[in-house]
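# Sharing a sequence plus its predicted fold:
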Amino acid sequence: MKYLKLYENFMEGESLPGVDISSEDKISQYESKPIILIGAQGTGKSTTAKALSKKLGIPLVTTDMSMIDEKYENMFKDEPGVEVSIKRHPTQGMYYDSNDKYVFCVLNKLMEEYGDKKIVLDVGGTHAYVSEELSSDIIKLYSQSPNLFVFNVSDDVDESYELLKKRREGRGEETKDEDDKKFRDTIDKLKNYYKETQKISIINKDKSEKTTDELVDDIISKLK
């Protein structure tokens, strides 16, 4: 069963230090399409997505939160083949174990709703491919936008895995063997599935880690 932390404080919190949120002129420089950020846990993708949306003054949408949104649950729960399992707890967060068909329905709807709008779409690692059967359809969905970015450490899966694992452990996350294997598998899949996609490395050439501001500027410089 997947566990989702509550995002309310993160989504509604104050802007990050040093981030200029009044750069409205930035929005006119690129096509009216979503800026899609994909990455495994620990890459800083979600923090960067929040900072980027504030700097450009455009909405932030997350696939994790969309999966537990009652709007989408009610929209798709009676669709053939869809199985929805969501538990909402007032203090411990929300759990969902819905099947792949439901996940695809939600992702497809998000691109239908926002495919021609300027938003930042924060895509959870497994929502970048969902399953082997659906991966090509998912990639086609996201490829509708020219501003599709994958966060990584490098093209070396082992190097990426070790750095991201240390980051996660530094945040107090448990890395059980079974989950750890899935985590490495996610890193490998993102590398292979999105070979031609614009890459955002989270480290500099000297191996120092980039700040959120640096990642935001890196993305803005590559917008089309």
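It's in.
# Secondary structure element holding the residue nearest to residue 88 when sequence neighbours are not counted?
Counting by Cβ to Cβ, 6 or more residues apart in numbering, residue 88 lies nearest to residue 94, which is 5.0 Å off, once chain neighbours are set aside. Backbone N, C-alpha and C define where each C-beta goes, glycine included. Using DSSP states H and E, residue 94 sits within strand 93-96.
# which helices and strands does the following helix or strand past that strand pack with?
Remark: after strand 93-96, the chain's next helix or strand is helix 100-114, criterion DSSP H and E. Using 3 or more Cβ pairs under 8 Å, 6 or more residues apart in numbering; DSSP states H and E, the elements in contact with helix 100-114 are helix 63-67, helix 70-76, helix 135-142.
# Please put the alpha-carbon coordinates of the strand holding residue 94 into CSV.
Below are the C-alpha coordinates for strand 93-96, written out as CSV (Å, rounded to 0.1, in the frame of the first residue of the first chain):
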residue,chain,number,x,y,z
GLY,A,93,-2.4,11.4,6.0
MET,A,94,-3.9,9.4,3.2
TYR,A,95,-3.4,5.9,1.9
TYR,A,96,-4.2,4.7,-1.5
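# Strand partners (parallel or antiparallel) of it?
Take DSSP bridges as the rule and strand 93-96 pairs in its sheet with strand 2-4 (antiparallel), strand 86-89 (antiparallel).
# on that earlier part again, let me know which of the helices and strands packed on helix 100-114 is the nearest to residue 212.
Among these, helix 63-67 comes nearest to residue 212, with 18.9 Å by Cβ to Cβ.
# can you give me the angle the longest helix seen in the chain makes with helix 135-142?
Taking DSSP state H as the criterion, the chain has its longest helix at helix 177-193. For helix 177-193 against helix 135-142, the angle by axes from the mean of the first three to the mean of the last three Cα atoms, to 10 degrees is 60 degrees.
# Residue 43 - nearest residue in space that isn't next to it in sequence?
Nearest non-adjacent residue to residue 43 (Cβ to Cβ, 6+ apart): residue 151, at 3.9 Å.
# Assign that neighbour to one of the three secondary structure states.
Following DSSP: H, G, I helix; E, B strand; the rest coil, the label given to residue 151 is strand.
# Now do it: how many residues are near it, please.
Look at residue 151: counted by other Cβ atoms under 10 Å, it has 25 neighbours.
# Which residues are in contact with it?
By Cβ atoms under 8 Å, 6 or more residues apart in numbering, the residues touching residue 151 are 37-40, 43-45, 48, 200, 202, 215.
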